[in-house]
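Undergrad: Generate coordinates for the sequence data below:
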Amino acid sequence: MLSFTMKRLGALIPVLLGMAFIVFMMIRAIPGNPAQLILGQQATKDSVAALTKELGLDQPWYIQFFEYLGGLFTGNLGVSIKTRTPVAEEIWPYLAATIELAIIAMIIAIIVGVNAGIISAWFQNSWFDYIAMIIALIGVSMPIFWLGLMEQYIVALKWDLLPTTGRDNIRDPVEAITNLYLIDSLLHRRFDQFIEVIRHLILPGIALATIPMAIIARMTRSSMLEVMRSDFIRTVRAKGMRMFWVVYKHSLKNALIPVVTVIGLQTGMLLGGAILTETIFGWPGIGTYIYNAINYRDYPVIQSGILVIAFIFIMINLLVDLLYAAIDPRIKYK
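TA: Model (predicted):
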């Protein structure tokens, strides 16, 4: 297990280097000079040229790339062109906001999706099975921006039950320690703020959870049906064990491998694909951070933001691979 983990971590370096190079070249293909955007359209050519030189954007691309690469090896993600702040300092609050939202969304997706898939397989071809799979199909097909707007209109505006935007109450904001507001509110023993943060998480969490919830439900149903038709399940049922334990103790554990794979992939995708949800609900996450950086051609922010997301995605995949051995003792890593 240890040797497998070290090999996977070693393979992480060329993957991230390749990702860094691809992103570096792609963002420089975006039209527009960052210096011009910072100074505005009324700026003189001399002032634009001076700022371009100051930012190091007048150098050949390969020099810029190797300077950026050298900074990465020392933990330096660069300095934002727009705010002139080190990216390593300002990226965490945005990343923490997305991580918190993604975790809540995946908890919702896993609880609802896995149980819906289990019950659908348990009562195959029943009315619940048909309704659950129709809802899952709608969930996969439904645009997140439309669902988010409907949530805001019905739940927030019509019924006035939940807030529409933000992470907390702007009149009584959470004092950031970790920038994970659920944890910070508990550290301050402010349970009223904890409840308020949860209320702000519900609508964007449900909107973001819809697609992975539907995919997890369909995958769980398919995997459970395959396992429940196997010989050892027939043997367990023949011994007179209650169906509940047959399903949740024996069938579910053996059906988890493909489900865990899907959960891992969807979790990684949520970190980079939450920009629509963040935009609709005014959520200050990493997607919004990178989107604003693209508008300003803030190269260091775009490069580092995408690289951080890629790193987290790869680490989630590694964790999923390691979970395989915990779920199925037959899997051995040497």
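
Undergrad: any idea how far the residue most central in space within the chain is from Asp298?
TA: Nearest to the mean C-alpha position of the chain, by Cα atoms, centre = their mean, lies Leu271 at 2.0 Å. Distance of Leu271 to Asp298, given as Cβ to Cβ, to the nearest Å: 20 Å. The way it works is simple: take the backbone N, C-alpha and C, and place the C-beta from them, glycine included.

Undergrad: Can you list the helices and strands that the worst-scoring helix or strand of the chain on mean pLDDT packs against?
TA: Sorted by mean pLDDT, DSSP states H and E, the helices and strands of the chain end with helix 34-39, the least confident at a mean of 74. Under the contact definition 3 or more Cβ pairs under 8 Å, 6 or more residues apart in numbering; DSSP states H and E, helix 34-39 sits against helix 45-54.

Undergrad: Mind listing what's buried along the following helix or strand past the helix it packs on?
TA: With elements assigned by DSSP states H and E, the helix or strand that comes after helix 45-54 is helix 61-73. Within helix 61-73, the residues that count as buried by 16 or more other Cβ atoms under 10 Å are 64-65, 68, 71-72.

Undergrad: Alpha carbons only: can I get stretch 91-100 in CSV?
TA: The C-alpha trace of stretch 91-100 is given here as CSV (Å, rounded to 0.1, in the frame of the first residue of the first chain):
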residue,chain,number,x,y,z
ILE,A,91,-6.6,32.0,-3.0
TRP,A,92,-7.4,30.1,0.2
PRO,A,93,-10.6,32.0,1.2
TYR,A,94,-12.1,31.3,-2.2
LEU,A,95,-11.0,27.7,-2.3
ALA,A,96,-12.4,27.2,1.3
ALA,A,97,-15.8,28.5,0.2
THR,A,98,-15.9,26.1,-2.7
ILE,A,99,-14.7,23.2,-0.6
GLU,A,100,-17.4,23.9,2.0
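
Undergrad: Residues in contact with that stretch: which ones?
TA: With contact meaning Cβ atoms under 8 Å, 6 or more residues apart in numbering, stretch 91-100 is reached by 77, 167, 176, 178-182, 201, 271, 274, 278, 283-289, 301, 304-305, 308.

Undergrad: how much space between Ile63 and Gly70?
TA: 11 Å.

Undergrad: If you could redo that for Gly268, that was the one I meant.
TA: 28 Å.

Undergrad: residue contacts, Pro212?
TA: By Cβ under 8 Å, 6+ apart, the neighbours of Pro212 are 105-106, 109, 113, 262-263, 266-267, 269-270.

Undergrad: Tell me which of those residues fall in helices.
TA: 105-106, 109, 113, 262-263, 266-267, 269-270 (DSSP state H).

Undergrad: Next, count neighbours for the residue lying closest to Asp328 once chain neighbours are set aside.
TA: In this structure, Asp328 finds its nearest non-sequential neighbour in Ile257, 6.3 Å apart by Cβ to Cβ, 6 or more residues apart in numbering. Counted with other Cβ atoms under 10 Å, residues neighbouring Ile257 total 15.

Undergrad: Return the per-residue confidence for Ile257.
TA: Note on Ile257: pLDDT of 87.

Undergrad: Repeat that for Pro284.
TA: Reading off the model, Pro284 has pLDDT 90.

Undergrad: hang on, it is in a helix, isn't it?
TA: No - Pro284: not assigned to a helix; according to DSSP: H, G, I helix; E, B strand; the rest coil it is coil.

Undergrad: Quick one: mean pLDDT over stretch 297-311.
TA: 86.

Undergrad: residues in contact with that stretch?
TA: So stretch 297-311 is contacted by 12, 15-16, 19-20, 23-24, 27-28, 30, 32-34, 37, 57, 68, 72, 77-82, 87-88, 91, 95, 271-272, 286, 289-290, 292-294 (Cβ under 8 Å, 6+ apart).

Undergrad: Alright, that wraps it up for me.
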